[in-house]
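J.: Quick check, what structure comes out for this input:
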Amino acid sequence: MSFSPIQTALCSFGMSGYLFHAPFLEVNSKYNLYGALERTKNEAVEKYPQIKTFRTLESLLADDTIELVIVNTPNITHYDLTKQILNAGKNVVVEKPFTVTVSEAEELIQLAKAKNVVLSVYHNRRYDSDFRTVEKILNEGVLGDIVDVTIHYDRYVPDLSYKVHKETPTVGVGSLYDLGSHLIDQALQFFGRPNAVFADLDYKRPNSKVVDYFDLKLYYEPHKVTLKSSYFVREPLPAYVIHGTKGSFIKTKADVQETDLQAGKKPESENWGIEPNNEMGLLHTEKEGKIIKEHIPSLKGDYMNYYDALYEAIRNNATVPVSGKEGMQVIQIIEAALLSDKERKVIDL
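T.: You can find the predicted model right below:
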């Protein structure tokens, strides 16, 4: 069977393109980082001299060599850019959040189907070491029936972002979309679709006009999941606190990939995605009539697994990693949360 790398282009070369996409495309022989859209700058070609710079989306889409385009631009642009790329007959990876409304997501899913191309949402936190470890514990059933779950994604960032689009109060902006989409996707992966949602959204930073604090309750039967995020957490809490009828599991948010990428390390380098031993999760439960309390080694995290699976989806018609439908389900929860906060009530799904 012949091997053909996927010719790939980035829609921008900001932090996301520089950190989360280009390094993986560079070292994975299944892909060729062919080009990047930069309207005025030349940062991509300075970093990767072999790639082609496009000044307009139209010129990028007119290049028949390009097979896959990554939409890694501000949230509110995802729908329009993805629609244009799909209409050009190219495969698309869209950064989370997929879109800012469910109706936009539905339209893009149908368009991708009509064009017979792959559409995937980049929920990379599924490939974090901490998420994978918690998923393993849940799948093993060692906690018994789940009673209560809390998942945090906190930061200490009291100042407003210098990026104007992140602080402009428009639909799709704020931590519910940016960080909440990660947490919601993880909850959906762990437990499926909830029965109802309640949300408390707030603005905590001085002069903030966008949501920077949220507390979501996802109601399952019989347990509930709490998703929380604040920009005023200097001392981090455990990211995952899970209680069941037999025991508990507590785990920090300790995936090292983003930190290593920021330090200039390349994917597939030695010890890639391996957490420090002091970040192991604590399991306190009952097994075969005996009470155990032990630290559980973390599984390896690796965002490359996403791109390997995406290659199989594009080239060999395998299952798409993070489908458009899965991305849309996250937006459904976000829309319910926005309505819940507005009306101050539980929203049945």
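J.: Longest helix of this protein, counting residues only.
T.: Using DSSP state H to define each element, the chain has its longest helix at helix 324-343.
J.: Distance from that one to the middle of the chain?
T.: Between the centre of helix 324-343 and the centre of its chain there are 15 Å (Cα atoms, centre = their mean, to the nearest Å).
J.: State whether I292 is indeed within a strand.
T.: Yes: read with DSSP: H, G, I helix; E, B strand; the rest coil, I292 is one of the residues of a strand.
J.: Now it: closest residue in space that isn't a chain neighbour?
T.: Distances taken as Cβ to Cβ, 6 or more residues apart in numbering put T285 closest to I292, at 6.2 Å, once the chain neighbours are dropped. C-betas here are computed from N, CA, C, even on glycine.
J.: after the longest helix of the chain, next one along is what?
T.: The element immediately downstream of helix 324-343 (helix or strand, assigned by DSSP states H and E) is strand 347-348.
J.: what is the mean pLDDT for that next one?
T.: Averaged across strand 347-348, the pLDDT comes to 98.
J.: same for it, what does it pack against?
T.: In terms of contacts (3 or more Cβ pairs under 8 Å, 6 or more residues apart in numbering; DSSP states H and E), strand 347-348 is packed against strand 196-202, helix 324-343.
J.: So for the last one, what gets flagged as buried?
T.: Of the residues in helix 324-343, those scored as buried under the neighbour-count criterion (16 or more other Cβ atoms under 10 Å) are 324, 326-338, 340-341.
J.: do stretch 289-306 as well
T.: Across stretch 289-306, burial judged by 16+ other Cβ under 10 Å covers I296, S298, L299, K300, G301, D302, Y303, M304, N305, Y306.
J.: Could you report the neighbour count for the closest residue in space to R155 that isn't next to it in sequence?
T.: Closest residue to R155 apart from its sequence neighbours, by Cβ to Cβ, 6+ apart: Y231 at 5.4 Å. Here the number of neighbours of Y231 (other Cβ atoms under 10 Å) works out to 18.
J.: For Y231, report the pLDDT, please.
T.: pLDDT at Y231 comes out at 97.
J.: which residues does it contact?
T.: For Y231, the contact set (Cβ atoms under 8 Å, 6 or more residues apart in numbering) comprises D154, R155, Y156, V157, P158, S175, K204, R205, D212, Y213.
J.: how many neighbours does A199 have?
T.: Around A199 there are 25 residues (other Cβ under 10 Å).
J.: Roughly how far does it sit from V211?
T.: Counting by Cβ to Cβ, to the nearest Å, the gap from A199 to V211 is 10 Å.
J.: hey, what's in contact with both of these two?
T.: Residues within reach of A199 and of V211 at once, by Cβ under 8 Å, 6+ apart, are L176.
J.: ok, back up a step: does the residue nearest to I292 sit in a helix or strand, and which one?
T.: Assigned by DSSP H and E, T285 falls in strand 281-287.
J.: circling back to that earlier point, name the surrounding residues that touch the longest helix of the chain.
T.: With Cβ under 8 Å, 6+ apart, helix 324-343 has contacts from 94, 96-102, 105-106, 108-109, 112, 119-121, 123, 176-177, 180-181, 184-185, 188, 193-194, 197-201, 214, 216, 218, 346-347, 349.
J.: What number of residues are in the vicinity of Y48?
T.: Residues near Y48, counting by other Cβ under 10 Å, number 17.
J.: Would you check how far apart the closest residue to it other than its chain neighbours and T133 are?
T.: Closest residue in space to Y48, ignoring its immediate chain neighbours: L33 at 5.9 Å, by Cβ to Cβ, 6+ apart. Using Cβ to Cβ, we find L33 at a distance of 31 Å from T133.
J.: okay, now Y156: neighbour count?
T.: Per other Cβ under 10 Å, the neighbour tally for Y156 reads 11.
J.: actually I146, sorry about that
T.: 19.
J.: wait, isn't it in contact with G247?
T.: No: here I146 does not reach G247: they are 10.9 Å apart, not a contact under Cβ atoms under 8 Å.
J.: circling back to that earlier point, and the residue nearest to R155, its phi and psi?
T.: Dihedral pair for Y231: phi -90, psi 10, per degrees, to the nearest 10.
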